[in-house]
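J.: pasted the sequence and its predicted model underneath.
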Amino acid sequence: EEFMSFKKANPGFVEVDVNEMLYLPSGWFHEVTSFNVLDSEEADRPGHLAFNYWMHPPDNDQFDKPYRSSFWNEDWSLRNVEERK
């Protein structure tokens, strides 16, 4: 009863090609099927890699401020990312 709207949800499907990646926000329910496409241009180099990078899940209910701590904002500022462009 807590997730009554879930019954109305429609699934989404995504196909990710060579040299592409898919970002899923923290907390998104998902299922992944991953395989090597043998009939692709890369068929002469068989291999397959599925890489997952997990970040700390949000601990705040505010979309625009997902973390209560200022750690990630401060970390980003210290890296001077904008200045390197």
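T.: Noted; the coordinates are in hand.
J.: what's the weakest-modelled helix or strand in this structure?
T.: helix 81-84 (a mean of 58; mean pLDDT, DSSP states H and E).
J.: now do the biggest helix by length in the chain, average pLDDT.
T.: In the chain, with assignment by DSSP state H, the single longest helix is helix 71-79. Averaged across helix 71-79, pLDDT comes to 82.
J.: who does that helix touch, helix- and strand-wise?
T.: Judged by 3 or more C-beta pairs under 8 Å, 6 or more residues apart in numbering; DSSP states H and E, helix 71-79 is in contact with no other helix or strand. C-beta here means a position set from N, CA and C on the backbone, and glycine is covered the same way.
J.: buried set for that helix?
T.: By 16 or more other C-beta atoms under 10 Å, helix 71-79 has no buried positions at all.
J.: just the C-alpha atoms of that helix, please, in CSV.
T.: Provided in CSV are the C-alpha atoms of helix 71-79 (Å, rounded to 0.1, in the frame of the first residue of the first chain):
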residue,chain,number,x,y,z
PHE,A,71,31.0,17.6,1.8
TRP,A,72,30.3,17.0,-1.9
ASN,A,73,29.9,20.8,-2.6
GLU,A,74,33.1,21.6,-0.8
ASP,A,75,34.9,18.8,-2.5
TRP,A,76,33.8,20.0,-5.9
SER,A,77,34.8,23.6,-5.1
LEU,A,78,38.3,22.4,-4.0
ARG,A,79,38.9,20.7,-7.3
